[in-house]
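Trainee: A predicted structure for the sequence below; I have some questions about it.
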Amino acid sequence: MYRLILLRHGKAAPFAGGGDHERPLMQRGREAAARVGRYLADEHLTPDFAAVSDALRTRETWDAVSGEWRHRVPHRLEPRLYEASAESLLALLRQSPDDMRLMLAIGHNPGFAELALMLIGYGDRYAAARLRAKFPTCAFAVLDFDVDSWREVGPGTGRLDRFITPKSLGGEDD
């Protein structure tokens with residue numbers, strides 16, 4: 001089984017001098033990301049590897065999330081995650097090494113929400129309904145795939161294990 005966690009970055013400032021790519025997290029975004037990190041550790045969902053968009057807000061989300069873990073997780077800044085479509089994200093996912101069984105991706109909407117919806121074939125229907133309604137900042141979807149390789153992942157092949165929002169972890173959704 002392969003498992004993918006799609007995490008949208010934390011709440012970011014509306015404007016930055018360097019444009020959209022350089023928007024930093026707001027305090028609320030840092031706090032929500034730290035809660036996500038603790039949740040992932042408590043639920044034994046610490047990944048084998050993380051792919052992180054190279055935007056400032058996703059890098060800061062990674063720092064806050066991974067700062068809650070006992071051990072370092074290898075990660076790579078991936079510029080192709082920034083403003084990527086669901087189809088592009090799926091193509092990147094299919095290139096992942098098969099020894100990385102539990103992967104975390106930190107990126108942006110609308111691509112992440114669209115990818116999650118594309119991949120879901122079955123699973124928690126209530127979580128899927130919440131995901132369809134809104135994929136707020138610092139929310140994440142956990143998808144399981146009964147495949148032998150990341151190359152086999154495609155539309156409808158995933159099982160939605162859970163969809164968690166900041167509100168469900170004691171914060172607030174945007």
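Mentor: Noted; the coordinates are in hand.

Trainee: which residues touch the helix ranked longest in the chain?
Mentor: Across the chain, the helix with the greatest residue count (assigned by DSSP state H) is helix 27-42. If you take Cβ atoms under 8 Å, 6 or more residues apart in numbering as the criterion, helix 27-42 is touched by 5, 7, 9-12, 25, 45-47, 57, 60-61, 64-70, 104, 137-138, 140, 164, 166, 169-172. (Glycine included, C-beta is placed from N, CA and C.)

Trainee: beyond it, next helix or strand please.
Mentor: Toward the C-terminus, helix 27-42 is succeeded by strand 49-52 as the next helix or strand (DSSP states H and E).

Trainee: what does that following strand rub up against?
Mentor: The list of residues contacting strand 49-52 from outside it, by Cβ under 8 Å, 6+ apart, reads 58-59, 61-62, 66, 73-78, 81, 92, 96-97, 100, 103-107.

Trainee: mind listing which of those residues are in strands?
Mentor: Cross-referencing those against strands under DSSP state E gives 75-77, 103-107.

Trainee: so which of those is the most crowded?
Mentor: In terms of neighbours by other Cβ atoms under 10 Å, these top out with Ile106 at 32 neighbours.

Trainee: residues contacting that residue?
Mentor: Ile106 neighbours (Cβ under 8 Å, 6+ apart): 7-9, 50-53, 58, 61-62, 65, 81.
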